[in-house]
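Trainee: Give the three-dimensional model of this entry:
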Amino acid sequence: MAALGREAGADLKEAGVVPVRAEEAPKDIRMATYTHGQPSLSLEDGKLRRPMIIEIIEKKIEYLRKEKTLNIYGTAFLGTAASFSGIMANFIFRHCFKVKHDALKTYASLTTLPFLSTVVTYKLLVTDALYLGNISQENCVLRSSLISIICGVLYPCGLAFSKNGRLAVKYHTVPLPPKGRVLLYWLLLCQTEIKAMMIPLVLETAFGIFNGLQHYARFESRRENCT
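Mentor: The predicted model follows:
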């Protein structure tokens, strides 16, 4: 029997299985265990690794929070620039059409509608497309600049033209256009003042390009950190 016990112990040693006695085990583990090739993790190692894991998770959450804040700031900046462009367009067309009625109503709509249209369009065409991985850097910059031009300049100009044109016809602040040349008449009436809208056009284009570059750079940085 003793010989059989010695042979079994030799076989266990050759297989890499080392018996651990109950009195040799740590104080917090009162049971016999066998290690096969690699030592088992103790509770002290788990306690040391837990704060490290929590710290890594907190850093990831803080990074994502900062990135989300920067994205919101960039989109809100474009929307605010579109609102100022709408205010300027409304002022120009009210001056051209000599309209003095419903000032608060027109300024409120020309401030909020360009802002909302810019924010929503940018999120759908740029932010969501970036997270889906469907656009490149050049495409991101192109979309951002086009959104700035269309929603930040062309849309406010058209909105101000239509609203103040209706008020001019309603209150007869300018002579009525002849039949068949309505649009041409209105354009000739405000062609000099409308040139001032070149200033927000240039600024909106520059803002769109800059914001597109910054947004794509932050997206690439986040993807590299995640990988």
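
Trainee: Return the set of buried residues in stretch 127-147.
Mentor: Neighbour-count burial for stretch 127-147 flags 127, 130, 135, 139-147 (criterion: 16 or more other CB atoms under 10 Å). Glycine gets a C-beta too; all of them are placed from N, C-alpha and C.

Trainee: I meant stretch 146-163, not that one.
Mentor: Buried residues in stretch 146-163 (16+ other CB under 10 Å): 146-153, 155-157, 159-161, 163.

Trainee: Make CSV from the buried residues of stretch 127-147 and add secondary structure to it.
Mentor: Putting those into CSV (DSSP: H, G, I helix; E, B strand; the rest coil) gives the following:
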residue, secondary structure
Thr127, helix
Leu130, helix
Ile135, coil
Asn139, helix
Cys140, helix
Val141, helix
Leu142, helix
Arg143, helix
Ser144, helix
Ser145, helix
Leu146, helix
Ile147, helix
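
Trainee: Looking at those residues, which is nearest Ala82?
Mentor: Closest to Ala82 out of these is Ile147 (9.1 Å), distances taken as CB to CB.

Trainee: Helices of the protein, start to end?
Mentor: Using DSSP state H, the helices of the chain run over 2-14, 43-97, 103-122, 128-132, 137-149, 155-171, 182-189, 198-226.

Trainee: What about Thr192, how many residues nearby?
Mentor: 10 (other CB atoms under 10 Å).

Trainee: Tell me the backbone dihedrals of it, please.
Mentor: Main-chain dihedrals, Thr192, degrees, to the nearest 10: phi -70, psi -50.

Trainee: Of the buried residues of stretch 146-163, which is the nearest to Met198?
Mentor: Val153 (9.3 Å).

Trainee: And the pLDDT at the spatially closest residue to Leu116 that is not a sequence neighbour?
Mentor: Leaving aside its chain neighbours, Leu116 sits nearest to Gly79 (7.4 Å; criterion: CB to CB, 6 or more residues apart in numbering). Predicted confidence (pLDDT) for Gly79: 95.

Trainee: which residues of this structure score low on pLDDT?
Mentor: 1-70, 225-227 (pLDDT under 70).

Trainee: again, 50 this time
Mentor: 1-41 (pLDDT under 50).

Trainee: I'm done for today, thanks for sticking with me.
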